[in-house]
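Asks: Okay, here's the prediction I keep looking at, along with the sequence it came from:
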Amino acid sequence: MKKFTRGCLGLLSCIVALIVTQSSKIEAASGRAPNVVVIFIDDMGYADINPFGSNDYETPNLNRMAAEGRRFTDFVVSSAVCSASRSALLTGCYHVRVGISGALGPKSSIGLNAKETTIAELCKSKGYKTAVYGKWHLGHHPKFLPHRHGFDEYYGIPYSNDMWPLHPNALEKRRKDPNAEIPWAALPMIEASGKGVEIVKQEMTPEDQKLMTKQFTERAVDFIKRNQDDPFFVYLPHPMVHVPLYASDDFRGKSGAGIFGDVVMEVDWSVGRIMTTLEDLGIAEDTLLIFTSDNGPWLSYGTHGGQATPLREGKGTMFEGGYREPTVMWWKGKVPGGTTCDQLCSTIDILPTVAKLIDADLPANRIDGKDIRPLLFGETGAKSPHESYYCYYGGGQLQAVRNNRFKLVFPHVYRTLDGKEGGKGGLPERYQQRKIELSLFDLEQDRSESTNVIDQHPEVVEMLQAAAEVARDDLGDRLNKRAGKGKRLPGKLNADDARLPLVWK
């Protein structure tokens, strides 16, 4: 009888264990692949939203996103300039690896190479619907547009919103000489899909720019609603808060802090509109929402630019104010609410992290990003996956290399306001050129990069110098006239390729 009882209990234990195992398998198998939404702001400074220190105006939706999600206080981009930064986000690579530097304009004949794999293409490989609404800036001719890089839908402007005949420099030039030639074509609005490319509006006006934030947001909301039953990837790269600044009538004058505050509040509204849509559709627990920016504030524009306090400098430099971005990630029930991650991570990490989340294969080409799921989900003891991070700017200059704590800055010339205030009324102040010598900063103690501690940590300098040599061998360094073995070419416009018809003024 005892043998029989023990045998029954043993059998029962096996059955229970099998049931538990099978139910967990069914639970995992029934889990929906997460949607991904990336909101990418243009020229937003580290201190431009409430969760990162701004108190000049309200950002209630970003406050809520941070309260229910996770702030990343050491989240950086590949380079402190538009096109370079966007290429890195979408490919998971340092921008120099994929051959995109600076900010491409209407006369550019290059773009993102079709051989590079984007996040959109990664998602498409798993059956996702994909869309981008806003500023593309990775090549404006048809062969470079988003529908050639994995996006089912695109509606937006091809480059920065100041690349048009109303650029302040162009207006000043025309004021002095009404017949002067200017370097900008009319700014178009483009729609592209598998059906082809359509110029929706050939010449954007100031009135059109006032509506962009709302228009792109509502397009994204409509796409989410249409695809709520399928996994989707939405990339929402707002042209704001890049100058010239425009807000809709609903937000103009609302902040009490000038046009810059108005524009940030409308961006915040956009975030809230996306969050509310996800909740109303019952898919907030199935969606990872990421908010970040392409580079720091354009300080020369003063009252029309943001702030990076307490970080040094801004856009156009690889000091912390130029490439460290205010970043918040939100995923109900998955990302721990009201938490902060102070570990070094980057936009190049988004692609490999998404790949792991949706069980997609990584690109065949080498990438530089790392899987940051442990940091995203707040795992105990999770550390930055980057032993070193390379700070490239200026067409391939390795200006600094850093790790989670220290940053070694190499001698180079950089732009600065040198203590002056920026411009007013949408006009820029002139930058000064300064040179920094070899310097080591302890970012843990000195985020403002104000104190050179190079003499105190010779072993750190040696370690970071060695890391820099690895970077130079792989990705080159224009400061040291090193070519780099691991760089790839951008896409190039050939003689027989279709051109986007542009109106030059």
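Replies: Looks like it arrived, so ask away.
Asks: list the contacts for residue 230?
Replies: Residue 230 makes contact with 127, 128, 129, according to C-beta atoms under 8 Å, 6 or more residues apart in numbering. Heads up, the C-betas are built off the backbone N, CA and C, glycines and all.
Asks: whoops, residue 133 was the one
Replies: The contact partners of residue 133, taken as C-beta under 8 Å, 6+ apart, are 153-156, 216-217, 219-220, 223, 234-237.
Asks: Need the distance between the two termini of stretch 488-505.
Replies: Stretch 488-505 has an end-to-end distance of 35 Å (C-alpha to C-alpha, to the nearest Å).
Asks: Next: stretch 383-402.
Replies: Taking C-alpha to C-alpha, the first and last residues of stretch 383-402 lie 15 Å apart.
Asks: low-scoring pLDDT stretches of this protein, where are they?
Replies: 1-30 (pLDDT under 70).
Asks: Excluding covalently adjacent residues, which one is nearest to residue 270?
Replies: residue 217 (4.2 Å; C-beta to C-beta, 6 or more residues apart in numbering).
Asks: What are the buried residues along stretch 80-93?
Replies: Using 16 or more other C-beta atoms under 10 Å as the test for burial, stretch 80-93 gives 80-93.
Asks: how about JSON lines for those residues, with distance to residue 67 and secondary structure added?
Replies: Shown next, in JSON lines, are the buried residues of stretch 80-93 (distance: C-beta to C-beta, whole Å; DSSP: H, G, I helix; E, B strand; the rest coil):
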{"residue": "80", "distance to residue 67": "29", "secondary structure": "coil"}
{"residue": "81", "distance to residue 67": "32", "secondary structure": "coil"}
{"residue": "82", "distance to residue 67": "30", "secondary structure": "helix"}
{"residue": "83", "distance to residue 67": "34", "secondary structure": "helix"}
{"residue": "84", "distance to residue 67": "33", "secondary structure": "helix"}
{"residue": "85", "distance to residue 67": "27", "secondary structure": "helix"}
{"residue": "86", "distance to residue 67": "29", "secondary structure": "helix"}
{"residue": "87", "distance to residue 67": "33", "secondary structure": "helix"}
{"residue": "88", "distance to residue 67": "29", "secondary structure": "helix"}
{"residue": "89", "distance to residue 67": "25", "secondary structure": "helix"}
{"residue": "90", "distance to residue 67": "29", "secondary structure": "helix"}
{"residue": "91", "distance to residue 67": "32", "secondary structure": "helix"}
{"residue": "92", "distance to residue 67": "29", "secondary structure": "coil"}
{"residue": "93", "distance to residue 67": "33", "secondary structure": "coil"}
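Asks: now the residues you listed as a markdown table including distance to residue 337?
Replies: Shown next, in a markdown table, are the buried residues of stretch 80-93 (distance: C-beta to C-beta, whole Å):
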| residue | distance to residue 337 |
| --- | --- |
| 80 | 31 |
| 81 | 34 |
| 82 | 32 |
| 83 | 35 |
| 84 | 33 |
| 85 | 28 |
| 86 | 29 |
| 87 | 32 |
| 88 | 29 |
| 89 | 25 |
| 90 | 28 |
| 91 | 31 |
| 92 | 27 |
| 93 | 32 |
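Asks: which of the residues you listed lies closest to residue 445?
Replies: Taking C-beta to C-beta as the measure, residue 445 lies nearest residue 80 of these, at 22.9 Å.
Asks: Just to check, residue 425 is in contact with residue 303?
Replies: Yes. Taking contacts as C-beta atoms under 8 Å, residue 425 lies within contact range of residue 303: 7.2 Å.
Asks: who has more neighbours, those two?
Replies: Neighbour totals were compared for residue 425 and residue 303, and residue 303 leads with 17 against 11 (other C-beta atoms under 10 Å).
Asks: I'd guess the more buried one is in a helix, am I close?
Replies: Yes. When DSSP: H, G, I helix; E, B strand; the rest coil is applied, residue 303 is found to be in a helix.
Asks: Generate JSON lines for the contacts of residue 133, with neighbour count, distance to residue 355 and secondary structure as supplementary columns.
Replies: What follows is the contacts of residue 133, written out as JSON lines (neighbours: other C-beta atoms under 10 Å; distance: C-beta to C-beta, whole Å; DSSP: H, G, I helix; E, B strand; the rest coil):
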{"residue": "153", "neighbour count": "22", "distance to residue 355": "22", "secondary structure": "strand"}
{"residue": "154", "neighbour count": "25", "distance to residue 355": "22", "secondary structure": "strand"}
{"residue": "155", "neighbour count": "21", "distance to residue 355": "26", "secondary structure": "strand"}
{"residue": "156", "neighbour count": "27", "distance to residue 355": "25", "secondary structure": "strand"}
{"residue": "216", "neighbour count": "23", "distance to residue 355": "26", "secondary structure": "helix"}
{"residue": "217", "neighbour count": "24", "distance to residue 355": "27", "secondary structure": "helix"}
{"residue": "219", "neighbour count": "21", "distance to residue 355": "26", "secondary structure": "helix"}
{"residue": "220", "neighbour count": "25", "distance to residue 355": "22", "secondary structure": "helix"}
{"residue": "223", "neighbour count": "21", "distance to residue 355": "22", "secondary structure": "helix"}
{"residue": "234", "neighbour count": "27", "distance to residue 355": "17", "secondary structure": "strand"}
{"residue": "235", "neighbour count": "27", "distance to residue 355": "16", "secondary structure": "strand"}
{"residue": "236", "neighbour count": "27", "distance to residue 355": "20", "secondary structure": "strand"}
{"residue": "237", "neighbour count": "24", "distance to residue 355": "20", "secondary structure": "strand"}
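Asks: most surrounded residue in the contacts of residue 230?
Replies: residue 128 (25 neighbours).
Asks: Name the nearest residue to it, ignoring sequence neighbours.
Replies: In this structure, residue 128 finds its nearest non-sequential neighbour in residue 231, 4.8 Å apart by C-beta to C-beta, 6+ apart.
Asks: show me what contacts that neighbour?
Replies: Going by C-beta under 8 Å, 6+ apart, residue 231 touches 32, 33, 34, 35, 123, 126, 127, 128, 129, 358.
Asks: hang on, the fifth one in a helix?
Replies: Yes. Following the definition three-state DSSP, residue 123 is counted among the residues of a helix.
Asks: Could you check how far residue 123 is from residue 368?
Replies: For residue 123, the distance to residue 368 equals 20 Å [C-beta to C-beta, to the nearest Å].
Asks: And residue 172, by the same measure?
Replies: 40 Å.
Asks: Switch the contacts of residue 133 over to JSON lines; also include distance to residue 276.
Replies: Formatted as JSON lines, those follow (distance: C-beta to C-beta, whole Å):
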{"residue": "153", "distance to residue 276": "21"}
{"residue": "154", "distance to residue 276": "24"}
{"residue": "155", "distance to residue 276": "21"}
{"residue": "156", "distance to residue 276": "22"}
{"residue": "216", "distance to residue 276": "16"}
{"residue": "217", "distance to residue 276": "11"}
{"residue": "219", "distance to residue 276": "16"}
{"residue": "220", "distance to residue 276": "12"}
{"residue": "223", "distance to residue 276": "15"}
{"residue": "234", "distance to residue 276": "15"}
{"residue": "235", "distance to residue 276": "19"}
{"residue": "236", "distance to residue 276": "15"}
{"residue": "237", "distance to residue 276": "21"}
